[in-house]
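Asker: with the sequence up front, the predicted model follows.
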Amino acid sequence: MSKDKFRVGIEVGGTFTDLIASDGNKIKTIKVPSTPLRPDEGAMNALLAANIDASMIKELVHGSTVATNAVLERKGGRVCFFVTRGTRDLLLLQRHDRRSIYDLHYKKPEPVIPRHDTYEITERMSADGSVVINLDRINAAEQVRNSLGNGRFDSVAICFLHSYANSDHERILEEIVHQEFPNLPVTCSCDVTREFREYERASTTTLAAYVQPVIAGYIKRFSKSLKECGFKGRFSIMQSNGGRMPAEAMAKNAIAALFSGPAAGVVGAIRGISSSGYNNLITLDMGGTSTDVSLVSNGESKLAPMTMIDGLPVKTPVIDIATVGAGGGSIAWNDDGGLMRVGPRSAGANPGPACYGRGGTEPTVTDAHLIRGTLQADSFLGGHMDVDIQLAKDAFAKLGEFFELSVEEMADNTIRLAEANIVRAIQQISTERGSDPRDFVLVPFGGAGPLHAARVAEDLNIEKVVVPPNAGVLSACGLLLSDHIHYRTKTRRLALIDDNIKNIRSVIVELENETSNYLNSLKIKGKIVYDKVLEMRYVGQAFEVSVDIKNEDIKKLTAQRLSELFAKAHHQIFEFSKIEGDPVEIISFRVGAQINPETLSTNETGATCSSTLGSKRIKMTERGKRLTADVKERANLSSEPVNGPMLIQDVNSTIFVPQEWKVSKDAQDNIILVKVN
């Protein structure tokens, strides 16, 4: 690479940490093992392995699973939670649903804050924002001193009833806490989510406060390490909504980084192959721990207004991603009923799959590929990582004895079962939401995604698979391809009638101003593009449908036009729309401001690192058949289609082309797999 300053993207996954560096002309990619206990060390190791001088980095964009792991492993900060008097059990009551209706031992998900750390404040707002009971400052200050005085809390969360309509009481208590304990971070629900539904809002607020000390500490450590190495550039963090924000802003809004890694992959897939003319995609990001799938329509990812983590709701805009425990490190096992399972438990980065030789003894998907021959020991990670096939076979021996099958058969069945899990996840985000997978191309990435893509596509009747350049580190690419994005939401219940159009326009403009002013306050400059969504429903319905109005002229908006857009969105999901004239209402507004910074150019994304892997022929087992397959380097493919079976070797991933498929390379260096009819 040249000596000019360059941009770097680092994505910390469950098993590997990926790095991509660009100097404006060429790119460099690196994969190193993650360090789960100290993820920032893994990121610094990636810089070291890439031989990058931190003083030459003008921009570093980072994505990690730190916030996610803090929740899943229950290793966040200790939070003091203040609520309206009478609502102390809000986090325990939750909703009256039962997500696993046939599980006799079902228990509701455990909140991150125990009841004894929840304290009541005398105050009350009505649903329209009017004051029912005033907050007494003197009593509130005494309660704060009694609750926080022993110094056992790391942060404070405040969620009062109906504060989305009037935040005055939350602001007063926030001021009191800052006066009494100025060093304690405070998270108010009115800053995290201004939408109704008390449990979801309380859950989101407490999760934000729970991960706040962890994220702030992580960013502080990482920033310090970078500074000690001479880094003076811009440092940004990826958000769950597919956009990045300056690190100092993310340290105060940690909940936005909950799913930063998977979101970066979707952005990388969209931007990476946009020049090839593919706009309808199903992304398949398969790493070492899990597989994340998402649906992209007309070149845009879908944002969900809420997601779940460990059974707990998070009401903040996130890229609509379904995750299944089917990664390279996912463990194959037999359940109490004698059935074979794969995942969700994973060998992770430490000890990792058995073939890594780091002490792992349980059979994983990566071990299965090595045994089948769909992964070659001499080309793992471009030949830079040693793996032991005998250790993989030893790991499968016990499972093979249980099912009375050979090690090779067990390995084949493991991969087929993992693929079935992935197919089910894709059905959740496509057919179950009104989209036909056959109308999309499958875009696999991550270290293991291209190995499984063709068979997954086959099971979904998808006829084309597109593997972008640098697929193994595409999530890291997505970090540099992302925009600066900030979202604001607001609940404002309005009937969809002409008399309310003025109010509807007013709320949209208000949120546009809030989002743009926030970006300007962070000194982020550039042309702003607004994403606008209305959460709408028929009067009497319990939940809303997201209606995209980004391309609508707000000044010309009418009730009739909004009704048409709502009917179309409702029909796509539920396959029906009520007759014209049935009352419709708007419940919430969501507006996002986007600024596109300097990103990778088309030439850069199309440039792959050179490889020294050779061509050969191998024996392999796949779906019960013994096959002879060609092994080729990615660089040796052309626009002329060739038949499988074949393994295509790349520096950071391997692409498997089954016997019934053809493969070629297009002008943008994408690998194209097409099913032979």
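Answerer: That came in fine, so what should we check first?
Asker: do a quick rundown of the helices in the stretch 51-200 of the chain.
Answerer: Along the stretch 51-200 of the chain, the stretches classed as helices by DSSP state H, counting those that start in this stretch are 66-72, 90-93, 137-148, 168-180, 189-192, 198-228.
Asker: and stretch 457-475, what's its mean pLDDT?
Answerer: Average pLDDT, stretch 457-475: 94.
Asker: next one: it to chain centre, how far?
Answerer: 18 Å (C-alpha atoms, centre = their mean, to the nearest Å).
Asker: what's the closest non-adjacent residue to the residue nearest in space to the middle of the chain?
Answerer: Nearest to the geometric centre of the chain sits residue 262, at 3.1 Å (C-alpha atoms, centre = their mean). In this structure, residue 262 finds its nearest non-sequential neighbour in residue 292, 4.1 Å apart by C-beta to C-beta, 6 or more residues apart in numbering. To be clear about C-beta, it is placed using only N, CA and C from the backbone, and glycine gets the same treatment.
Asker: rewinding a little: now render the helices of the stretch 51-200 of the chain as TSV, adding mean neighbour count.
Answerer: Formatted as TSV, the helices of the stretch 51-200 of the chain follow (neighbours: other C-beta atoms under 10 Å):
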stretch	mean neighbour count
helix 66-72	21
helix 90-93	18
helix 137-148	15
helix 168-180	19
helix 189-192	22
helix 198-228	22
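Asker: show me where the stretch 201-350 of the chain has helices.
Answerer: Going by DSSP H, counting those that start in this stretch, the stretch 201-350 of the chain shows helices at 247-250, 260-272.
Asker: swap that for the stretch 451-600 of the chain, sorry
Answerer: 474-481, 501-521, 559-574.
Asker: and the residue of the chain most remote from its centre, how far from residue 176?
Answerer: Ranked by distance from the centre of the chain (C-alpha atoms, centre = their mean), the top residue is residue 138, with 43.6 Å. Residue 138 sits 10 Å away from residue 176, going by C-beta to C-beta, to the nearest Å.
Asker: show me where pLDDT drops low in the stretch 551-677 of the chain?
Answerer: Applying pLDDT under 70 to the stretch 551-677 of the chain flags residues 579, 598-615.
Asker: so what's residue 657 up against?
Answerer: 454, 644-648, 663, 673 (C-beta atoms under 8 Å, 6 or more residues apart in numbering).
Asker: so which of those belong to strands?
Answerer: 646-648, 663, 673 (DSSP state E).
Asker: from the residues you listed, which is closest to residue 620?
Answerer: Nearest to residue 620 among the ones in strands among the contacts of residue 657 is residue 647, at 7.9 Å by C-beta to C-beta.
Asker: nearest residue to that closest one in space, please, no chain neighbours.
Answerer: residue 631 is the one closest to residue 647 (C-beta to C-beta, 6+ apart), at 4.7 Å.
Asker: where's the one you found, which helix or strand?
Answerer: strand 625-633 (DSSP states H and E).
Asker: indicate each strand paired with that strand and its parallel or antiparallel sense.
Answerer: Strand 625-633 sits in its sheet next to strand 616-622 (antiparallel), strand 646-649 (parallel), going by DSSP bridges.
Asker: outside of the first one, which residues touch it?
Answerer: Read that as strand 616-622. Contacts for strand 616-622 (C-beta under 8 Å, 6+ apart): 371-374, 376, 408, 411-412, 626-631, 645, 647, 658-659.
Asker: what comes up buried for that strand?
Answerer: Judged by neighbour count (16 or more other C-beta atoms under 10 Å), strand 616-622 contains these buried residues: 620-622.
Asker: relative to the whole chain's centre, how far out is it?
Answerer: 35 Å.
Asker: stretch 188-204 - what's its average pLDDT?
Answerer: On average, stretch 188-204 scores 94.
Asker: just name the most buried of the helices of the stretch 451-600 of the chain.
Answerer: helix 474-481 (a mean of 31; mean count of other C-beta atoms under 10 Å).
Asker: low-confidence ranges, this protein, go.
Answerer: 1-4, 382, 579, 598-615.
Asker: tell me which residues in stretch 639-656 are buried?
Answerer: Neighbour-count burial for stretch 639-656 [16+ other C-beta under 10 Å]: 644-656.
Asker: now stretch 415-422
Answerer: Quick answer for stretch 415-422 (16+ other C-beta under 10 Å): 415-419, 421-422.
Asker: before we move on, what about stretch 542-554?
Answerer: Buried residues in stretch 542-554 (16+ other C-beta under 10 Å): 544-549, 552.
Asker: and these, which is closest to residue 354?
Answerer: Closest approach to residue 354 among those (C-beta to C-beta): residue 546, at 44.2 Å.
Asker: wait, that closest one touches residue 569, no?
Answerer: Yes. Under the criterion of C-beta atoms under 8 Å, residue 546 makes contact with residue 569 at 6.8 Å.
Asker: so what's the spatially closest residue to residue 484 that is not a sequence neighbour up against?
Answerer: Closest residue to residue 484 apart from its sequence neighbours, by C-beta to C-beta, 6+ apart: residue 595 at 4.5 Å. Taking C-beta under 8 Å, 6+ apart as the criterion, residue 595 is in contact with 483-485, 519, 524-529.
Asker: which residues are contacting stretch 88-102?
Answerer: Contacts for stretch 88-102 (C-beta under 8 Å, 6+ apart): 81, 83, 106, 108-109, 111, 113, 115, 118-120, 159, 198-199, 202-203, 206, 311.
Asker: ok, back up a step: next, format the ones in strands among the contacts of residue 657 as a markdown table and append distance to residue 132.
Answerer: Shown next, in a markdown table, are the ones in strands among the contacts of residue 657 (distance: C-beta to C-beta, whole Å):
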| residue | distance to residue 132 |
| --- | --- |
| 646 | 70 |
| 647 | 68 |
| 648 | 66 |
| 663 | 67 |
| 673 | 62 |
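Asker: can you name the two of these that are farthest apart?
Answerer: Largest pairwise distance in these, by C-beta to C-beta, is 12.5 Å, between 647 and 673.
Asker: between those two, what contacts are shared?
Answerer: With C-beta under 8 Å, 6+ apart, residue 647 and residue 673 have common neighbours 655, 657.
Asker: correct me, but residue 347 touches residue 361?
Answerer: No. Applying C-beta under 8 Å as the test, residue 347 and residue 361 come out as separate, 9.3 Å apart.
Asker: which of these two has more residues huddled nearby?
Answerer: residue 347 (30 against 11; other C-beta atoms under 10 Å).
Asker: not counting sequence-adjacent ones, nearest residue to that one?
Answerer: residue 329 (4.2 Å).
Asker: just the buried residues of stretch 261-281, please?
Answerer: So, applying 16+ other C-beta under 10 Å, buried residues of stretch 261-281: 261-274, 276, 278, 281.
Asker: actually stretch 622-639, not the one I typed
Answerer: So, applying 16+ other C-beta under 10 Å, buried residues of stretch 622-639: 622, 627, 629-635, 637.
Asker: hmm, back to that, how much space is there between the residue nearest to residue 484 and residue 486?
Answerer: Applying C-beta to C-beta to residue 595 and residue 486 gives a distance of 9 Å.
Asker: so what's in contact with those two at the same time?
Answerer: With C-beta under 8 Å, 6+ apart as the test, residue 595 and residue 486 both reach residue 519.
Asker: go ahead and confirm residue 484 touches residue 592.
Answerer: No. Here residue 484 lies out of contact with residue 592, judged by C-beta under 8 Å, at a distance of 10.5 Å.
Asker: of those two, which one has the most company?
Answerer: Counted by other C-beta under 10 Å, residue 484 and residue 592 do not tie: residue 592 has more neighbours, with 25 against 22.
Asker: and the more buried one, what is it in contact with?
Answerer: By C-beta under 8 Å, 6+ apart, the residues touching residue 592 are 241, 243, 303, 317, 485-488, 515, 530-532.
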